[in-house]
Structure formats: structure tokens, C-alpha cells
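Asker: Below is the sequence, then the predicted model.
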Amino acid sequence: MNKPVTGSAAPPSSRDIKTIVYQNLARRRADERRFRNYGLVAITLGLAFVVLMFGNIISKGLPAFWQTYIQVPITFDAAVLDPQGSHDPQALASADYSALVRSGMHQLFPNVEGRLPLRALGGLISSDAAYELQRRVQDKPELLGSTQPIWLLASAAVDTFFKGNIDRTLPEAERPIKDNQIEWLDQLKATGKIDKHFNAVLFQNGDSREPEQAGIRGALMGSFFTLLVTFLLSFPIGVATAVYLEEFAPKNRWTDIIEVNINNLAAVPSIVFGLLGLAVFINFFGLPRSAPLVGGLVLSLMTLPVIIIAGRAALTSVPPSIREAALGMGASKLQMVGHHVLPLALPGMLTGSIIGMARALGESAPLLMIGMIAFIVDVPKNFLDPATVLPVQIYLWSDLPERAFVERTSAAIMVLLAFMILMNGLAILLRKRFERRW
Amino acid sequence: MSTTVLETQTVLDQASPASAPPRQKSSVEVTDYNNRQTVGKITVDNPKMICRDVDVFYGAKQAIRKVGLDIGANEVIAFIGPSGCGKSTFLRCLNRMNDTIPSSRVTGQIMLDNEDIYAREIDVVQLRARVGMVFQKPNPFPKSIYENVAYGPRIHGMVNTKAELDALVHDSLERAGLIKEVEKRMQEPGTSLSGGQQQRLCIARAIAVNPEVILMDEPCSALDPIATAKIEELIDELRENYTIVIVTHSMQQAARVSQRTAYFHLGDLIEIGDTDQIFTNPRHKLTEDYITGRFG
């Protein structure tokens, strides 16, 4: 303001500027405050919804990690199991173990008489109990002839009742559990012969129509095989594509077209990839339906653009001075990329890939199209066994009316979320660990 | 085009300026082109590199116009000039670093020991091993100090045993005047050094492959005066074994380290000559304006 003022456009005196600035200052501060408050409200709302969602899922799903068991005295009667006394494993395998369960329950409640009450009594125990006893005898044939108190899996109705989810004041006809059963359960509870144990079944079994026997192992293994195929295909191809496009490809109309198309592919709805997989992999190449191999192929198609885009971003973030240094030393282009650029870009590429894989883990729509929605009891053992995946399992269970499946649905969601958080955590860890500064 | 046209004439010697004797004009050698001239003697007695009629285009834009000069063996030649005058572009032609820019095109002749470096049979990898480069911003690899220096010998397969490599790394760091500072911390990352040390590490890295020519693109512009002084001292020592081409914005630096100086202006080589003469008795008006600080 040292310049001499000429003409009519004289600036306001210094006093005026002070007052003007002061007046504006109040307004500017109010603007800032308001903006900050908007942000706070948005974050609070977001956090509230997250808490609500997690609270709902956890409160519903947590009980599913415990399961009701009843302690029953089982007499491994050789006359029932092995009438010929041959100790033949085949004969032992096909014996009537449910008779042992029935007589064990009768031993607990000797006063129960009549066909219907006895059937109701047997109904307290899951049909899986017979198979459990069979497994025990096969593992330890010397059990024959002995009597042991054994914790047997209770039926789903008992489990639901024991967890307090069935109102005993309802009319008998509206309950899955009858008056006499309630009476027996109360007696069991009084003697401490009914209790909740950790639900190992949930992690050991495949799907089942009986809620107490249903587990997520089949879905977990299906997800594992599917993701393995996805990673093995999409990571090397994605990284190679990104490196070629970013470092080697000439910049011309063709590479422009390829680039636009890759970006478009990342935005294609995932179910379209499922349709493509159905048409190409199953109908044309004749690969089996419901197989993790096909699921992995479809998810690779979906994940590839994500990995390519993340990979290219990671490559561009490597400073050009490193490339110049390498070239200036006489490194060939491949040496420049292999020795310097790729190692620096790899953490970023890995992070992008893991986030892409986490997305693939949570994907269900494209897998529905290739038959991974079938009801599959067996745990898949390889890439061609029929399988389902965790999100599809959640979808399947959410459709079922039994109360016990409702809590299993939430439990499966918790397991899925745990894996997601694990993968994202791994991505953050890798980035922090290997990020190099220059 | 602000180049002053001293005289208009159509007599040309572009075809083979190296063989044709430059015109003498009042005891000052002048090489004439179509509408401009390079003032001063472009040739030297024992040239390491010979450049004639070098044009560089970035797309349609011409960055360098018909530059011709010799770089003598074991001399330090400085390129000076205002920003955007093409001195760095010309420097990067000397080891074909411009090849990395897809739109660039270089025509003319650049010879290293009478071999055209742009000839089809020349491999840039081999060329860059013979003509090393130090960049404006210190750019050590994000690896250990040892690995930084060992990288060049390793990719060129210059050593066979670990002991040879160790000796070469030690020797290169010693010649770059860095050995005392890093002897105990060879495995620390090169980026942990100070700016001046990083630049000397880059010089050590460049001389580890024992090049014949070292190109330096404003090597001190990111350094403080003390680090600059160390680098300049180093350049003076390196002159014994290497030919050095240095681009600099600092005229004092050009005056201190170089024996010959070339002044570039808007893509033209305006004047070239002994450093003493350029700074005390410039013959071209543009050179005089620049070194007296009237612009640039």
C-alpha cells in the first residue's frame, strides 16, 4: 500500500478495512462452525448405523456359538450292536445306535410309558446323536459292553427352548415343544444334566436340514477353494497386465480402447459376470456346475479390472526419478521394472488385490448363476466338488423359518465379517510394513 | 525468434561442418547456419564426442536447432543458458535418455569415439554404461548404500566375485569422496543420507561402472553451498579420468568448474568458447546480456 494513489478509485482507509474484515470474520467463522457440525452429524449418523448393524447381528448370532447338550447314560449293549459277537466293523457300522439313545433316555425317565410319550422323549435328542455314538464305537471298539454318561446333542427345538426363545405360556399347540417335554427338561435342568457347550458342530459340519446339525464348514471350504482359484488367476494376470499397460505398451488408440474397457469392466454389475460364466465355462466348455473352479473363474473376471486399476495406480506412484536413475545406469527396461519399479509398487498392488479379494469373498450374485446355490451337505474336498460359499450359505439360511437358523444366519454373517476385517487388516498391515519412502 | 542475425547469407556448410573449415571473421570463428550463427570455435583437438546438426523435436515442437559442438577428452564443459533453452534436452541426447520420451525425435549426428551413438547397431544399454548420468535431484535407489553402488557393476556383469564387488564399491565411494562418511553404514538405506551425500552417492554409483563420459544435469541445484563446494571439488578431481558435461544455472559454478562453456538460447547454440573468454569477453550480445544478468 505504499504506492501513491491516483485517480478516483481510492482504496478504503485502513480503518475501514479493519471493520470490513471484522464483520466478515464473524460470518466466516460461523460458516466454518456450521461445516464442522455437518461433518460431525454425518459421522455420528454413520457410526450409529454401524453400531446398530453390528449390535443386531452380534446379539442375534452370538448364542449360535453355544449349543445345548443333554447328558445321557448310554449302555453300549453288545447284544444290540453286535449280536453275532464278530467285532466286524461292517456290522458295527450298520447297527441300530438310535436304540441306544432311546434306551438311555428311558433310563433317565423310567416312568414314561406309551408310544407317543416315548417318541416325544426321544425327540429331545438330535438325530445326529446316533451317528455320534457310531463314530465313538468305531474309534474305540472296547466301549462295547460298558455304560458311560455321554453329552448328546439336543434337538433344535430343545436348544431354542433352553436359550429362552420359546414362550412356555403359549398354548401347547402353538409351541414346537410340548408340555411333557418341558416337564422333562425342567427335571434335567434341576439335576444339571442339560447344559450349553461350545458349538463345534457349526465349524465341523456342512449344511443340513436339521438346524442343530447345520454348519458352515462346507461353505468355508467352498469359499476357500473359490478364492484360491480367484487369487491364483487374477493376481498374476492383473499384475502382468498393469505392468505391460503402464510400462511397455505404446500409447496409441488401441491401448486407449483397452484402458476404457478395463475401467468399464470394473463397473459391470457382478451378476453379468455370472451369466457370462454360465454361458462360457459351463455351457461351452462343459465344466461342472456348482464347482469352486468355475466360481473362481467367474470371480477372477470380476476381480481382474480392480487389480489392474489398483496396480496401475501403484505403478504411476513410483517416482519417475527412480526410473531415470535405473535407465541412466544402463538398465534395460525389463531390469528397470523388475529391479526397481515393481518392488516399489508391489505393496500397493497387494493392497488393491486383497481388497479386491475381500470383495470377491462377499460376492454372491454371480455364483447363483453357476449353481453354487445348491443345497450341499458334503464338505467339498477339491476344486471340482459341488460347493457353496459363505454369502450364499447366509442367503440360504436366511430363507429358512426355524428360529435356530435365524441365529445361525447371524453367526455366519459374523464369521464372514471377521474374514473381511482380517483381510482388510492384512492389507493395511502390508501397506504399513512395506511402504518405502524415497 | 530473438536471435540476432549478424549477417544474411546463403553460403552454407551444413553438409559436413566438421570437415569444412569454419569461416574466419575478425579472428573470431563463426559457424553459419541458415539464419543464425554459433560464435566461437566448436572443435577441439582431441574430441571425445562430436555433435553435428543435432535437432530435437518433442512432437511438432522443435526444442534444439542444429546444434554442433565437440566435447574434448578429459575436459569439463558447461552448458549454460536461461530455463527452457534446451541445454538439458541436448545433454540428454548424449546418452539417449530422450529415447524414453515417446514423442521425442532426434536427428543429426552424435559421435562417441567416432561411433554414431544413434546408429541402428548401437545398444543403449551399452551406451549408457559408457556415458553415465547424474541427475538434478539426488535419486538414490531406495536400497542400501552398498546396493546403490553395486547395482551398475552387477547388471553389466563387470565383477565375478563378492570380493571384487566389495572392492569396486569401496573404490567408487572413495573416488566420490564419500567413503569416510558411509564406511560404517553400508547397509543403511541410501535415502537416509543428507542431500549432498545422496548426490555424491549418485556420482559414486555412476563412476562404479567406469564410464568414459559423465553427464551432470544441474547436480547442485538442490544442494546447499557447502555440499555444492564438495561436489565441485569432486568434479575437478574426476576430470583426470573422465570427460564431464555439466548443465548449470549458476554462472559462478560454470566459471569455477569448467574449461569450456557453451551458451544456449531458445534451442540455439549461441556461443561456445573457453570459459575464461566467455565470462570476460563474450562476443555475442545475447551471451553478454545473460552473463551480466540482464535477463535469465
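Answerer: On my side now, so go ahead.
Asker: remind me which residues of chain A are low pLDDT?
Answerer: Scanning chain A for pLDDT under 70 picks out the ranges A:1-14, A:436-438.
Asker: Looking at it, which helix is longest?
Answerer: What stands out as the longest helix in chain A, according to DSSP state H, is helix A:14-61.
Asker: May I see the buried residues of the very next helix or strand once past that helix?
Answerer: Reading on from helix A:14-61 to the C-terminus, the next helix or strand found by DSSP states H and E is strand A:66-75. Neighbour-count burial for strand A:66-75, with 16 or more other Cβ atoms under 10 Å in any protein chain shown as criterion, is recorded at A:W66, A:Q67, A:T68, A:Y69, A:I70, A:Q71, A:V72, A:I74. All C-beta spots, glycine's among them, are computed from the backbone N, C-alpha and C.
Asker: What is the nearest of these to chain B?
Answerer: Within the set of the buried residues of strand A:66-75, A:W66 lies nearest chain B; the separation is 51.5 Å, counting by Cβ to the nearest Cβ.
Asker: is the closest residue to the closest one other than its chain neighbours in a bridge, and if so with what?
Answerer: Counting by Cβ to Cβ, 6 or more residues apart in numbering or on different chains, the nearest residue to A:W66 once its immediate chain neighbours are dropped is A:K196, at 4.2 Å. On the basis of DSSP bridges, A:K196 is bridged to A:T68.
Asker: Count the neighbours of B:I77 for me.
Answerer: Using other Cβ atoms under 10 Å in any protein chain shown, B:I77 has 24 neighbouring residues.
Asker: Are we agreed that it is in a helix?
Answerer: No: residue state for B:I77 (DSSP: H, G, I helix; E, B strand; the rest coil) corresponds to strand; a helix is not indicated.
Asker: Could you find the closest non-adjacent residue to it?
Answerer: Leaving out its chain neighbours, the residue that sits closest to B:I77 by Cβ to Cβ, 6+ apart is B:R260, at 4.7 Å.
Asker: Ramachandran angles for that neighbour?
Answerer: Per-residue torsions, B:R260: phi -120, psi 150 (degrees, to the nearest 10).
Asker: Just give me the neighbour total for the closest residue to chain B within the stretch 51-200 of chain A.
Answerer: Of all residues in the stretch 51-200 of chain A, A:F54 sits closest to chain B, at 40.2 Å by Cβ to the nearest Cβ. Neighbours of A:F54 under the rule other Cβ under 10 Å: 12.
Asker: quick one: it from A:L426, how far?
Answerer: As defined by Cβ to Cβ, to the nearest Å, A:F54 lies at a distance of 21 Å from A:L426.
Asker: for A:L153, helix, strand, or coil?
Answerer: Assigned state for A:L153: strand (three-state reduction, three-state DSSP).
Asker: That one and A:A291, how far apart?
Answerer: If you go by Cβ to Cβ, the gap between A:L153 and A:A291 works out to 31 Å.
Asker: Next: B:Y290.
Answerer: Applying Cβ to Cβ to B:Y290 and A:A291 gives a distance of 75 Å.
Asker: for B:L112, same thing?
Answerer: With Cβ to Cβ as the criterion, B:L112 and A:A291 are 62 Å apart.
Asker: contacting residues around A:L81?
Answerer: By Cβ atoms under 8 Å, 6 or more residues apart in numbering or on different chains, the residues touching A:L81 are A:L92, A:A95, A:D96, A:Y97, A:L100, A:V137, A:L144.
Asker: thought B:V131 was touching B:V209?
Answerer: No: using Cβ atoms under 8 Å, B:V131 and B:V209 do not qualify as a contacting pair, with a distance of 10.3 Å.
Asker: who has more neighbours, those two?
Answerer: Neighbour comparison, B:V131 and B:V209: the larger count goes to B:V131, with 26 against 22 (by other Cβ under 10 Å).
Asker: Give the bridge partners for the more buried one, please.
Answerer: B:V213.
Asker: which residues does the closest residue to A:R403 other than its chain neighbours contact?
Answerer: If you skip the residues right next to it in sequence, A:R403 has A:T160 as its closest partner in space, 4.8 Å away by Cβ to Cβ, 6+ apart. Taking Cβ under 8 Å, 6+ apart as the criterion, A:T160 is in contact with A:I166, A:P176, A:I177, A:E402, A:R403, A:A404.
Asker: one step back: tell me which of B:Y290 and A:A291 has more neighbours.
Answerer: When neighbours are counted by other Cβ under 10 Å, B:Y290 and A:A291 differ, and A:A291 comes out ahead with 26 against 23.
Asker: any idea how far A:D385 is from the more buried one?
Answerer: With Cβ to Cβ as the criterion, A:A291 and A:D385 are 7 Å apart.
Asker: Next: A:L299.
Answerer: From A:L299 across to A:D385, the span is 17 Å (Cβ to Cβ).
Asker: Helix or strand: which one has the residue in the stretch 151-296 of chain B that chain A sits nearest to?
Answerer: Nearest to chain A in the stretch 151-296 of chain B, going by Cβ to the nearest Cβ, is B:G152, at a distance of 4.7 Å. Assigned by DSSP H and E, B:G152 belongs to helix B:145-155.
Asker: That helix: what's the following helix or strand?
Answerer: Heading C-terminal from helix B:145-155 (DSSP H and E), you reach helix B:162-175.
Asker: chain center to that following helix: distance?
Answerer: The gap between where helix B:162-175 is centred and where its chain is centred comes out at 25 Å by Cα atoms, centre = their mean, to the nearest Å.
Asker: Near B:V125, how many other residues are there?
Answerer: For B:V125, the tally of surrounding residues (other Cβ under 10 Å) stands at 16.
Asker: Let me see the contact set for residue 206.
Answerer: Defaulting to chain A. Neighbour list for A:G206: A:G215, A:R217, A:G218, A:A219, A:I376, A:V377, A:D378, A:V379 [criterion: Cβ under 8 Å, 6+ apart].
Asker: Correction: the question concerned chain B.
Answerer: Listed by Cβ under 8 Å, 6+ apart, the contact partners of B:A206 are A:G328, A:M329, B:G132, B:M133, B:V134, B:G152, B:I214.
Asker: any idea which of the residues you listed is closest to A:F203?
Answerer: Taking Cβ to Cβ as the measure, A:F203 sits nearest to A:M329 out of these, at 54.6 Å.
Asker: so what's the closest residue to the closest one other than its chain neighbours scoring on pLDDT?
Answerer: On the basis of Cβ to Cβ, 6+ apart, the spatially nearest residue to A:M329 that is not a chain neighbour turns out to be B:G152, at 4.7 Å. Taken from the predicted model, the pLDDT recorded for B:G152 is 92.
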